[in-house]
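Participant: Build the 3D model from these lines:
(one chain, ligands or ions: 4)
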Amino acid sequence: MKTSRRQFIKTSSLYAGGLAMAGSGLKAASGLLKNLGGNVEGLSRTPTYCEICFWQCAGWVYKDDDGRIQKIIGNDDDPHCNGRLCPRGTGGVGMYHDEDRLKTPLIRRTVDGKQVFEEATWEEALDFIAEKMKSVAAEFGPECVVLFSHGSGGAHLGHMLKAFGSQSISAPSFAQCRGPREVAFLTTYGDIVYSPERTDIRDSRCLVFIGYHLGENMHNGQVQEMSDAIDKGATIITVDPRYSVAASKSKYWLPIKPATDLALLLSWIHVLIENGWYDKEYVEKYTFGFEQLREHVKQYTPEWAYGITTIDPNVIRRTAKEMYDASPAVIVHPGRHTTWYGDDTQRLRAVAILNAILGSWGRRGGFYFPERVQFPEYPTPAYPVPNRLPTEAYAGKYNLANEVVSNGICDATIPSVDSDCNFKVWLVNGTNLMLALPDQKKTLQAIQALELVVVIDTMPVEITGYADVVLPECTFLERYDMVRVSRHREPTLALRMPATEPKYHSKPGDWIARELGIRLGLAAYFPWKDMEEHLDWQLKQVGSSLEEMKRIGVKKFPRQYDDLYLHEGEDFFFNTNTGKIELYSTDMEEEGFPPLPVYTEHEQPPEGFYRLNYGRAPMHTFGRTANNPNLTDLMDENTLWVNPKVANLWGLENDQYIKLRNQDGIVSTFSIKVRITERIRWDSVYMVHGFGHDNKKLSRAHGRGINDTELITNVKIDPVMGGTGMRSNFVTFVFENDNAGEEVEA
Ligand SMILES: Nc1nc2c(c(=O)[nH]1)N[C@H]1C(S)=C(S)[C@@H](COP(=O)(O)OP(=O)(O)OC[C@H]3O[C@@H](n4cnc5c(=O)[nH]c(N)nc54)[C@H](O)[C@@H]3O)O[C@H]1N2
Ligand SMILES: Nc1nc2c(c(=O)[nH]1)N[C@H]1C(S)=C(S)[C@@H](COP(=O)(O)OP(=O)(O)OC[C@H]3O[C@@H](n4cnc5c(=O)[nH]c(N)nc54)[C@H](O)[C@@H]3O)O[C@H]1N2
Ligand code: SF4
Ligand SMILES: [Mo]
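Facilitator: Ligands and ions are numbered 1, 2, ... in the order given. Below you'll find the predicted structure:
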């Protein structure tokens, strides 16, 4: 039977001994953080941009005379980092030194009835994949091959897949992350927020962070700008059930009852309109539907919101006034990980509306208009027109989604009677779907239905255990990638080039895509000699060259248009149906959704249960850094934040290890250390995402802390764009002598 076909293989013990070395580099790496800031004489440097998170800061990799990497520091000319990397980027070299890295291609085989990974050559692995892709495409069409991807490799593999005839490409960074905000801003302003965000934080006089925990969320440029804004006296208002780092820098901390933010937002809009605290000229000139909005929010008084959010009505009024006083230099920040409760697009619509009536879009200290260089693609033949688009997997739904919905693809992979849109092959690049997608049971069901699973990663993470073929990519320090083409106040380009040779048998993503492409008969799509020729051609089209970029790393271009902000009285056409900022959304109306955001109530935890809240830690990126030797030095497990009242009730003590059980009876695989703190509300517990790895081959990360994803089984789908609301899960404590603790689901 198919469901027992693909056993989880802990990618261990099958490596040939000779390949497992690299201990030596590790020592150098662990000294690295202490060495920083020293002088750089005698070291040679090569440019890169960081892949430890998706902010992609540009930097310099310094090497000593023996070619050993000594340190990475930020590039002064880069607006993403202004010469300073965050702790993760600084420690990023640990990813290169990590001796647990994937070292050689692996193919799943059955030996004596047991499934194991066997080491393979690249030829064997790529031939195997190409044969399977061809036979599956012959039977079901090339569109049934999917690429899930996060990060730089997506460009190479995406090109290969489109040439093959499939546009089934998806990233969890949409439907598990930014999706609701992009759709909300698209329907309101006809444009998205982008990454890096177009927020003019450095010149802002009032910053409103709603569950946006900048400071723990270390997106570099924004953290730096927040600290500049604070120095210049900006008022910060943080809405968070947890006393976050951002809250600790704030004039106002609003410890909201979780899941009620939309009520607060609507009452803020109410207060601003009732008091005339809005930008009348701006609203008149640029917006559509103000009168409907005014009518709509009449009901949402601060007293009404108080009963829902627990925020004092006077504080609601006072904070609204602070925003108005600072306007238009005010940012009600849209946040980034926005898939919370399933009505997320509506919540973000309220955020977009609030900014609009304060006049902050297109204004200094609000949201600027970013610009980027028109950077040509290397000429290749046109892609074949696919027979089927990936969106057909969820035909009739999520029409406003502007990217492919990964959970929609996952669902459609599971065979069912009413869907013939099944996908047969998953290529998984730089995304650990077992951690990224909620509802692991579904992900596993989909995986079991597949003909082929290929994972391209640098580490033996959970998803590699379900692969038929594992391909080891080298780290960003060992490869070229596409030029980083940034949208910012000033357009910039940044180069990533190899600082050193790929370790072990790992290979760069561009090489993998091309070699696979050639085996699929797609050589015409890869006409360049190598990446150097490819990049040099592109750079020359914009008046630079590979040689220049190797020297400078980052190139700034002047803006073509003087339109960073709206000019006084300027006419402006917004890319919406009405050409205006749509307070009242005609797109939403056409799709049958409320055109003005409506408050809906969400479940609260049952007796004895607490809401599972999760977030980021400054020294880690999701699960991708959990085994990094430099960063585990700084934090090697997550802890469970528990309010003292709750701790008292349950007799919990600091540093005690406990397991958690969720509302569906799922018990965590591992235990987590208790941290008793007033910084979390009594109705929630909190942990950092990205821990609790169950692959033994991750020697520093295995069994450290709890993986929040395994407890996220109640998923609230946003009907507008398909995103997975993940914050409606409730947990209770399981003590070691508790029987329930034994029924562990892996
Ligand atoms: N429970 C829960 N789920 C979440 C979230 C959460 O907070 N909690 N957050 C959500 C959000 S906001 C997002 S954006 C997604 C992100 O989720 P993912 O897209 O999975 O992102 P990462 O965990 O950063 O990266 C995944 C993989 O990339 C690999 N990798 C790192 N560098 C490279 C490289 O150079 N090449 C290749 N080929 N692989 C590489 C890492 O080893 C890791 O296995 O998860 C979402 N899912
Ligand atoms: N260091 C580091 N930085 C990162 C990342 C990383 O992995 N590591 N990942 C990056 C990525 S891809 C993303 S998407 C961002 C995510 O970062 P953000 O968008 O800032 O964060 P979220 O994960 O949405 O939110 C976490 C915060 O929301 C609060 N919260 C929980 N429930 C509620 C609620 O009901 N209402 C309100 N108002 N607040 C609530 C939590 O207490 C927590 O402080 O971080 C980015 N930056
Ligand atoms: S914010 Fe940090 S981890 Fe992310 S790209 Fe920049 S330096 Fe790297
Ligand atoms: Mo994200």
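Participant: Let me see the ranges of the helices in the stretch 501-650 of the chain.
Facilitator: 509-519, 531-541, 546-552, 586-590, 629-634, 644-650 (DSSP state H, counting those that start in this stretch).
Participant: Out of those, which gets nearest to ligand 4?
Facilitator: Distance to ligand 4, taken as CB to the ion, is lowest for helix 629-634 among these, at 18.2 Å. Placement of C-beta: from N, CA and C, glycine included.
Participant: pLDDT of the closest one, averaged?
Facilitator: Averaging pLDDT along helix 629-634 yields 95.
Participant: by contact count, what packs against that helix?
Facilitator: Under the contact criterion of 3 or more CB pairs under 8 Å, 6 or more residues apart in numbering; DSSP states H and E, helix 629-634 touches helix 23-30, helix 32-35, helix 87-90, helix 93-97.
Participant: lowest-confidence stretch among those helices?
Facilitator: Looking at the helices and strands packed on helix 629-634, the bottom one is helix 23-30 with a mean of 30.
Participant: and the residue of the stretch 301-450 of the chain found nearest ligand 4, how far is that from ligand 1?
Facilitator: Per CB to the ion, the residue of the stretch 301-450 of the chain with the smallest distance to ligand 4 is His337, at 4.9 Å. Noted for His337: a distance of 4 Å to ligand 1, by CB to the nearest ligand atom, to the nearest Å.
Participant: Quick check: Asp510 touching Asp481?
Facilitator: Yes - using CB atoms under 8 Å, Asp510 is in contact with Asp481, at 7.1 Å.
Participant: any shared contact partners between those two?
Facilitator: When contacts are counted by CB atoms under 8 Å, 6 or more residues apart in numbering, Asp510 and Asp481 are jointly contacted by His156.
Participant: Need the mean per-residue confidence for stretch 280-293.
Facilitator: pLDDT averaged over stretch 280-293 gives 98.
Participant: Give me the distance between it and the centre of its chain.
Facilitator: 34 Å (CA atoms, centre = their mean, to the nearest Å).
Participant: Not counting residues beside it along the chain, what's closest to the most centrally placed residue in the chain?
Facilitator: Geometric centre of the chain, nearest residue: Ser173, 4.3 Å, by CA atoms, centre = their mean. Excluding its sequence neighbours, the residue lying closest to Ser173 (CB to CB, 6 or more residues apart in numbering) is His150, at 5.6 Å.
Participant: residue ranges with poor pLDDT in the stretch 101-250 of the chain?
Facilitator: Within the stretch 101-250 of the chain, no stretch has pLDDT under 70.
Participant: got the residues of it near ligand 3?
Facilitator: Within the stretch 101-250 of the chain, the positions adjacent to ligand 3 are 218-220 by CB under 6 Å from any ligand atom.
Participant: In the top helix by length along the chain, which residues are buried?
Facilitator: Looking across the chain with DSSP state H, the single longest helix is helix 122-140. Across helix 122-140, burial judged by 16 or more other CB atoms under 10 Å covers 122, 125-126, 128-130, 132-133, 136-137, 140.
Participant: And those, which is closest to Gly307?
Facilitator: Phe140 (54.2 Å; CB to CB).
Participant: excluding its backbone neighbours, what's nearest that closest one?
Facilitator: Using CB to CB, 6+ apart, the closest residue to Phe140 is Lys424 (5.5 Å).
Participant: How many residues are close by that neighbour?
Facilitator: 21 (other CB atoms under 10 Å).
Participant: wait, what's in contact with it?
Facilitator: Here Lys424 is in contact with 136, 140, 144-145, 450-452 (CB under 8 Å, 6+ apart).
Participant: same thing but at 10 Å, please
Facilitator: 132-133, 135-137, 139-141, 143-146, 413, 449-452 (CB atoms under 10 Å, 6 or more residues apart in numbering).
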